[in-house]
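1. Model the following, please.
(chains A, B, C and D)
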Number of protein chains: 2
Amino acid sequence: MNGTNEAIDTIERELTAFARRARAAAARLHPDLPLVSYTLLAHINDQRGCRATDLAAHYLLDKSTVSRQIGSLEKLGLVERRPDPDDHRVQVLHPTRAGAELLSATHASRHTAFQERLADWSEEDLTRFAAYLLRYNQAGRADQANRTGHTGHTGPADPATAA
Amino acid sequence: MNGTNEAIDTIERELTAFARRARAAAARLHPDLPLVSYTLLAHINDQRGCRATDLAAHYLLDKSTVSRQIGSLEKLGLVERRPDPDDHRVQVLHPTRAGAELLSATHASRHTAFQERLADWSEEDLTRFAAYLLRYNQAGRADQANRTGHTGHTGPADPATAA
DNA sequence: GTTATTGGTTGTAGAGTACATCCATTGATT
DNA sequence: AATCAATGGATGTACTCTACAACCAATAAC
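-> Predicted structure coming up:
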């Protein structure tokens, strides 16, 4: 077992542990939001209008799941569906005023939490860690334009993706 | 907004996205295991015998959840409960032969998946990334001996934890 | 104009989870 | 020792998230 393999094992193990705890932690962080939805709402906000399909692709979710999530977000008055004049099948999603506000409040508290947790990290470490995460995630996105040629297995992104 | 804050935002965003996809990816990776249980089984195996409470603490799960997970692992013949002679409340968990085998097979396939995904990373980047993840997770564990003094808020680990 | 494809919803079912409650065992206090 | 608190677990119950399958509507391809 060389160093590379050990490192890979560690990455595997730690990412898994992280993912495993994430749900609980998220629930504690914003008990208000029905709270998977937070992520979707945030994505909608970032993209300034996106379609349900985009969300499904980005998060590897079934369309039915997204549909329901959007449904509850709408019921909560956090998201608005606007018909797309060009394609009457599509509905473009936008955060409502309330949605944007809730989001910014939540984001603030999340940021604070991360800040505290990462308080003793040097700026250099932070930027490097951020870069690594970006690089890692980059490979697993299903909503990417098209990665290096053989997008043959159009399927649900390579299983290696995450956990 | 300075570089530090940007980095923190990126970390926050990327970790969240990762956590969000993890479930789906995990399900694809080992469709055999009832498959949250994989994590618990792995932990049991690594620790060479542990109690249900340890699992709950480590993964921020409710004891009832762990109890049921263990239950199904046992029903599948992957885990064995052994009474602790010293404390009759406790049952020490051990992987069965079948559990250990399944685990090693699964681990192999997972390792391969990660290997592919991280194929173009230098060894230096891998070890650094691994170290960062360890450091990050370290802060969020509830099963730690006791961290720096004021373990005052004994509560369910700081909410900042993960997602 | 049929036929496929795409965006989305609804029916149904199954994990995973938490919270509250309860039981058994152990530990502490008096 | 007798009582009361704390600890390790299990069970009842209920809710969220999720997928798969079947479906409808609109667009695109022949």
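2. Which pLDDT value goes with the spatially closest residue to A:T96 that is not a sequence neighbour?
-> Taking Cβ to Cβ, 6 or more residues apart in numbering or on different chains, and ignoring the residues beside it in sequence, A:T96 has A:E80 as its nearest neighbour in space, at 5.0 Å. Yep, even glycine has a C-beta here, placed from its N, CA and C like the rest. Looking at A:E80, its pLDDT stands at 95.
3. ditto for the one 5 residues further on
-> In this model, A:P85 is scored at 92, pLDDT.
4. swap in A:G77?
-> The model reports A:G77 with a pLDDT of 93.
5. Quick check: it touching A:A98?
-> Yes. In this structure A:G77 lies within contact range of A:A98 using Cβ atoms under 8 Å: 5.3 Å.
6. circling back: wait, the residue nearest to A:T96 touches A:P95, no?
-> Yes. Here A:E80 lies in contact with A:P95, judged by Cβ under 8 Å, at a distance of 7.4 Å.
7. Who has more neighbours out of the two?
-> Taking neighbours as other Cβ atoms under 10 Å in any protein chain shown, A:E80 and A:P95 compare with A:P95 leading, 21 against 18.
8. so what's the more buried one closest to, chain neighbours aside?
-> If the residues on either side of it in the chain are set aside, A:P95 comes closest to A:N45, at 4.8 Å by Cβ to Cβ, 6+ apart.
9. list the contacts for the residue most central in space within chain A?
-> Within chain A, one residue has its C-alpha closest to the average C-alpha position: by Cα atoms, centre = their mean, that is A:T39, at 5.5 Å. A:T39 is in contact with A:Y59, B:T16, B:A17, B:R20, counting by Cβ atoms under 8 Å, 6 or more residues apart in numbering or on different chains.
10. rerun that using 10 Å as the cut-off
-> The contact partners of A:T39, by Cβ atoms under 10 Å, 6 or more residues apart in numbering or on different chains, come to A:A26, A:L33, A:L55, A:H58, A:Y59, A:Q69, B:R13, B:T16, B:A17, B:A19, B:R20, B:A163.
11. In TSV: these, plus distance to DNA strand D and pLDDT.
-> As requested, the contacts of A:T39 are exported to TSV (distance: Cβ to the nearest atom of the strand, whole Å; pLDDT from 0 to 100):
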residue	distance to DNA strand D	pLDDT
A:A26	9	82
A:L33	8	77
A:L55	10	94
A:H58	12	89
A:Y59	7	89
A:Q69	6	95
B:R13	17	87
B:T16	12	86
B:A17	12	85
B:A19	9	88
B:R20	7	85
B:A163	11	32
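12. got a winner among those for most neighbours?
-> In terms of neighbour count, B:A163 stands highest of the contacts of A:T39 at 29 neighbours, by other Cβ under 10 Å.
13. Show me what the helix or strand encompassing A:A113 is packed against.
-> Using DSSP states H and E, the element containing A:A113 is helix A:97-117. When contacts are defined as 3 or more Cβ pairs under 10 Å, 6 or more residues apart in numbering or on different chains; DSSP states H and E, helix A:97-117 sits against helix A:3-29, helix A:37-47, strand A:79-83, strand A:91-95, helix B:3-29.
14. Reformat these as JSON lines; add distance to B:F114.
-> Output for the helices and strands packed on helix A:97-117, formatted as JSON lines (distance: least, Cβ to Cβ, whole Å):
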{"stretch": "helix A:3-29", "distance to B:F114": "5"}
{"stretch": "helix A:37-47", "distance to B:F114": "24"}
{"stretch": "strand A:79-83", "distance to B:F114": "35"}
{"stretch": "strand A:91-95", "distance to B:F114": "34"}
{"stretch": "helix B:3-29", "distance to B:F114": "10"}
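15. one step back: is any residue of the helix holding A:A113 near DNA strand D?
-> No. For helix A:97-117 and DNA strand D, the contact criterion (Cβ under 7 Å from any atom of the strand) is not met; the two come no nearer than 13.8 Å.
16. List the buried residues for that helix?
-> Applying a neighbour-count criterion of 16 or more other Cβ atoms under 10 Å in any protein chain shown, one finds A:G99, A:L102, A:L103, A:T106, A:H107, A:R110, A:A113, A:F114, A:R117 buried in helix A:97-117.
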